[in-house]
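Enquirer: sequence and predicted structure are below.
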There are 2 protein chains.
Amino acid sequence: MYIPTYQDMLDAHERIRPHIRRTPVRTSDYLNEVTGAEIFFKCENFQEPGAFKVRGATNAVFGLSEAQAEKGVATHSSGNHASCLSYAARLRGIPCNVVMPHTAPQAKKDTVRRYGGQITECEPSTSSREATFAKVQAATGGDFVHPYNDPRVIAGQGTCSKELIEQTDGLDMVVAPIGGGGMISGICLTLATLAPETRVIAAEPEQADDAYRSFKAGHIIADDAPRTIADGLLVPLKDLTWHFVKTHVSDILTASDPEIIEAMKLTWKHLRVVMEPSSAVPLATILKTPDLFRGRRVGVIITGGNVDLDKLPWIA
Amino acid sequence: MYIPTYQDMLDAHERIRPHIRRTPVRTSDYLNEVTGAEIFFKCENFQEPGAFKVRGATNAVFGLSEAQAEKGVATHSSGNHASCLSYAARLRGIPCNVVMPHTAPQAKKDTVRRYGGQITECEPSTSSREATFAKVQAATGGDFVHPYNDPRVIAGQGTCSKELIEQTDGLDMVVAPIGGGGMISGICLTLATLAPETRVIAAEPEQADDAYRSFKAGHIIADDAPRTIADGLLVPLKDLTWHFVKTHVSDILTASDPEIIEAMKLTWKHLRVVMEPSSAVPLATILKTPDLFRGRRVGVIITGGNVDLDKLPWIA
């Protein structure tokens, strides 16, 4: 297991800078009043493909040798990683193969195809996904870019909190959602060197709280079929992300689905940005445990903005 | 009739700079592909009270003498001007009286009150509004700040396109919605001096196309009870805004309500910002008359982001 270094993150930033957006940091006097904290929202939903995952994906794609690049990249994902990897591969002009369950939403498939990704469908089971992916990889020779358990991906995600620190004037803590742990690991990697006094807090849905339970237990625990509105946070920690979580995360906080939906609507209304349910988990936890944040300067990563506008969770 | 000057706009910018946001400019590769233009969206929906109108309101409020400031300001409006004027008055710590029909949405009343505005309700008719406003003004001595037909307001709105020009590298045209014409007049005022080669195009709902008909006729025509989803654009031109429209606007384009809703949803999806139907009219006209914009660098003002999230127009 290669653990990415601070220098890897700096190299990643140089590599991806021409291809990604330096997203703005937004504030809301109203949300500051409500929480008693001073919150700096880093709008990764404003990346062109709508999620921070374009950072890690672009770092992996543009770090490939010419020989490997010809064969392209491959992954399994039905979420933002699939579209971001397709997007990054198109930027370099190389093939991207994605294995996705046939049950994935049509909108997700459309986005991957719009960016030129080749989809191979599998059954919605781990065994089918693994077998299908093995076949695709054997046929194409595409380099496997894991959605989060990959040092290139984590180094890429780490560039987000580097920008956030540059754009603000010191932060007491940074709060980000945790699913597989790619973003949180990137934050740990960056802040451990750049701002070691800034605490890293992970925010997780109560109904998919495997990272919280892993953190308390001291070893990885995986959920059995979690169900939450925060559908970007269903995957478990892996060895590399667990390394960062256990060594550098200060705390993991959880929020219920109704609390997440409330925080999501509040952000849409007062920050006026479109973001996914997963991205609302940090604000939900801040509203739930205000004592921890009152009077503090708090960075929050708005991780993504890909949401079905026809089915908003607060509209029955 | 005092016509505000370029220097008035520069003074306004100095005056309001500490109190307003220098809003970011957003782009979307996807929307550029779809339109064939290069569009720069100026996000005035990111002002704290959610609309560009905070610029003009703040300029009026902070330009008052100490003696007048003690008596505060007054206006009639049930839209963004009411909340933005209340917001600006609260910043200076002075009273703000607002006359509003009792039929105005509860959410609008709540926002005005949250910012400390005093609401006096009237019947939803012009005669009742005028009589009620006269009474309120006589009782309070508040300085009347018209929503748009006021040189201080227009000079304030003009600061938006000054920033947009500073934030971009030259534009072929700027497109903004037109209702009473406050924003458009501010753009004309600023660009006539700062970027005279940049064309100013107004975008209007077909179902409230009084500015379009005025422009063609050469004199002000008012609509009789217009009805459109773009509810920020129902009011008629007045002498001051008509002056700017007739002397500096290149063209007025219109779009239907379904086209406006489509453009609104497209912006939410790809730019990932929450904006009002009124703010979608420019993109709707760009999509409708692509030949005019193809290959051009186009500034678009996203005028506001106050929308009822429980009643989105594309959800039946």
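Expert: Sure, I can see it. Here the structure is a predicted model, which means the values were calculated and not measured.
Enquirer: buried residues, the host helix or strand of residue A:68. List them.
Expert: Using DSSP states H and E, residue A:68 sits in helix A:66-71. Residues A:69, A:71 are the ones in helix A:66-71 that count as buried (16 or more other Cβ atoms under 10 Å in any protein chain shown). C-beta here means a position set from N, CA and C on the backbone, and glycine is covered the same way.
Enquirer: average pLDDT across it?
Expert: The average pLDDT within helix A:66-71 is 97.
Enquirer: what strands line up against the very next helix or strand once past that helix, and which way round?
Expert: Next along the chain after helix A:66-71, taking DSSP H and E as the criterion, comes strand A:73-76. Here strand A:73-76 has these sheet partners by DSSP bridges: strand A:96-101 (parallel), strand A:143-144 (parallel).
Enquirer: pLDDT-wise, which helix or strand of chain A ranks last?
Expert: Least confident helix or strand, chain A: helix A:106-114 with a mean of 90, by mean pLDDT, DSSP states H and E.
Enquirer: and the next helix or strand past that one?
Expert: Later in the chain than helix A:106-114, the nearest helix or strand by DSSP H and E is strand A:118-122.
Enquirer: strand partners (parallel or antiparallel) of that next one?
Expert: Strand A:118-122 has its sheet partners listed here by DSSP bridges as strand A:96-101 (parallel).
Enquirer: residues from the stretch 201-316 of chain A in reach of chain B?
Expert: A:265, A:268-269, A:272-275, A:305, A:309-310, A:312, A:314-315 (Cβ under 8 Å from any Cβ of the partner chain).
Enquirer: wait, residue A:310 sits on residue B:312?
Expert: No: Residue A:310 sits out of contact with residue B:312 when judged by Cβ atoms under 8 Å, with a separation of 9.0 Å.
Enquirer: excluding chain neighbours, what is closest to the one residue in the stretch 151-300 of chain A that gets nearest to chain B?
Expert: Closest residue of the stretch 151-300 of chain A to chain B, Cβ to the nearest Cβ: residue A:272 (3.7 Å). Spatial nearest neighbour of residue A:272, excluding adjacent residues (Cβ to Cβ, 6 or more residues apart in numbering or on different chains): residue B:305 at 3.7 Å.
Enquirer: burial count for that neighbour?
Expert: 25 (other Cβ atoms under 10 Å in any protein chain shown).
Enquirer: which pLDDT value belongs to it?
Expert: pLDDT at residue B:305 comes out at 96.
Enquirer: over to residue A:223?
Expert: 79.
Enquirer: give me the number of residues near the residue nearest to it when sequence neighbours are not counted?
Expert: Nearest residue to residue A:223 in three dimensions, chain neighbours excluded: residue A:210, at 4.2 Å (Cβ to Cβ, 6+ apart). For residue A:210, the tally of surrounding residues (other Cβ under 10 Å) stands at 21.
Enquirer: show me the domain layout of chain A.
Expert: Domain assignment for chain A by automatic domain parsing gives A:6-52+A:151-302, A:54-144.
Enquirer: the residue nearest to residue A:272 and residue B:279 touch, don't they?
Expert: Yes: applying Cβ under 8 Å, one finds residue B:305 in contact with residue B:279, separated by 7.5 Å.
Enquirer: which neighbours do these two have in common?
Expert: Common contacts of residue B:305 and residue B:279 (Cβ atoms under 8 Å, 6 or more residues apart in numbering or on different chains): residue B:45.
Enquirer: in stretch A:129-139, what's buried?
Expert: So for stretch A:129-139, counting by 16+ other Cβ under 10 Å, buried means A:129, A:132-133, A:136-137.
Enquirer: how about residues contacting it?
Expert: Against stretch A:129-139 from outside (Cβ under 8 Å, 6+ apart): A:74, A:76, A:97, A:99, A:101, A:120-123, A:142, A:144.
Enquirer: now these in CSV, with pLDDT and neighbour count?
Expert: What follows is the contacts of stretch A:129-139, written out as CSV (pLDDT from 0 to 100; neighbours: other Cβ atoms under 10 Å in any protein chain shown):
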residue, pLDDT, neighbour count
A:74, 98, 25
A:76, 94, 23
A:97, 98, 25
A:99, 96, 25
A:101, 91, 15
A:120, 97, 17
A:121, 96, 15
A:122, 95, 23
A:123, 92, 13
A:142, 96, 23
A:144, 97, 14
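Enquirer: which pair of these spans the longest distance?
Expert: Maximum pairwise distance among these (Cβ to Cβ): 20.9 Å, between A:123 and A:142.
Enquirer: now for the closest residue to chain B within the stretch 51-200 of chain A: which residues touch it?
Expert: Closest to chain B within the stretch 51-200 of chain A is residue A:114: 8.4 Å, counting by Cβ to the nearest Cβ. With Cβ under 8 Å, 6+ apart as the criterion, no residue contacts residue A:114.
Enquirer: what residues are up against the residue nearest in space to the middle of chain A?
Expert: With distances taken as Cα atoms, centre = their mean, residue A:183 lies nearest the centre of chain A, 4.8 Å away. Each residue near residue A:183 by Cβ under 8 Å, 6+ apart is listed here: A:52, A:157, A:160, A:176-177, A:301, A:303.
Enquirer: so it is in which element?
Expert: Following DSSP H and E, one finds residue A:183 within helix A:182-194.
Enquirer: which of the residues in the least confident helix or strand of chain A are buried?
Expert: By neighbour count on 16+ other Cβ under 10 Å, the buried set for helix A:106-114 is A:108-109, A:111-112.
Enquirer: again with stretch A:159-168
Expert: Neighbour counts over stretch A:159-168 (16+ other Cβ under 10 Å) mark A:159-165, A:168 as buried.
Enquirer: what's the angle from the helix of greatest length in chain A to helix A:182-194?
Expert: Using DSSP state H to define each element, chain A has its longest helix at helix A:151-167. Helix A:151-167 runs at 60 degrees relative to helix A:182-194, counting by axes from the mean of the first three to the mean of the last three Cα atoms, to 10 degrees.
Enquirer: what packs against helix A:151-167?
Expert: Packing partners of helix A:151-167 (3 or more Cβ pairs under 8 Å, 6 or more residues apart in numbering or on different chains; DSSP states H and E): helix A:6-16, strand A:38-43, helix A:53-62, helix A:182-194, helix A:239-248, strand A:297-302.
Enquirer: distance between stretch A:97-115 and the chain's centre?
Expert: Offset of stretch A:97-115 from its chain centre (Cα atoms, centre = their mean, to the nearest Å): 18 Å.
Enquirer: pull that stretch out as PDB, backbone CA atoms only.
Expert: Provided in PDB are the C-alpha atoms of stretch A:97-115 (Å, rounded to 0.1, in the frame of the first residue of the first chain):
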ATOM      1  CA  ASN A  97     -14.600   2.100 -19.700                       C
ATOM      2  CA  VAL A  98     -17.200   2.000 -16.900                       C
ATOM      3  CA  VAL A  99     -18.900  -1.000 -15.400                       C
ATOM      4  CA  MET A 100     -22.300   0.000 -13.900                       C
ATOM      5  CA  PRO A 101     -25.300  -2.000 -12.800                       C
ATOM      6  CA  HIS A 102     -28.100  -2.000 -15.300                       C
ATOM      7  CA  THR A 103     -30.300  -0.600 -12.500                       C
ATOM      8  CA  ALA A 104     -28.400   2.700 -12.300                       C
ATOM      9  CA  PRO A 105     -30.500   5.800 -13.100                       C
ATOM     10  CA  GLN A 106     -30.700   6.600 -16.800                       C
ATOM     11  CA  ALA A 107     -29.500  10.200 -16.000                       C
ATOM     12  CA  LYS A 108     -26.200   8.800 -14.700                       C
ATOM     13  CA  LYS A 109     -25.700   6.600 -17.800                       C
ATOM     14  CA  ASP A 110     -26.500   9.600 -20.000                       C
ATOM     15  CA  THR A 111     -23.900  11.800 -18.300                       C
ATOM     16  CA  VAL A 112     -21.200   9.100 -18.700                       C
ATOM     17  CA  ARG A 113     -22.000   8.700 -22.300                       C
ATOM     18  CA  ARG A 114     -22.200  12.400 -23.000                       C
ATOM     19  CA  TYR A 115     -18.500  12.500 -21.800                       C
END
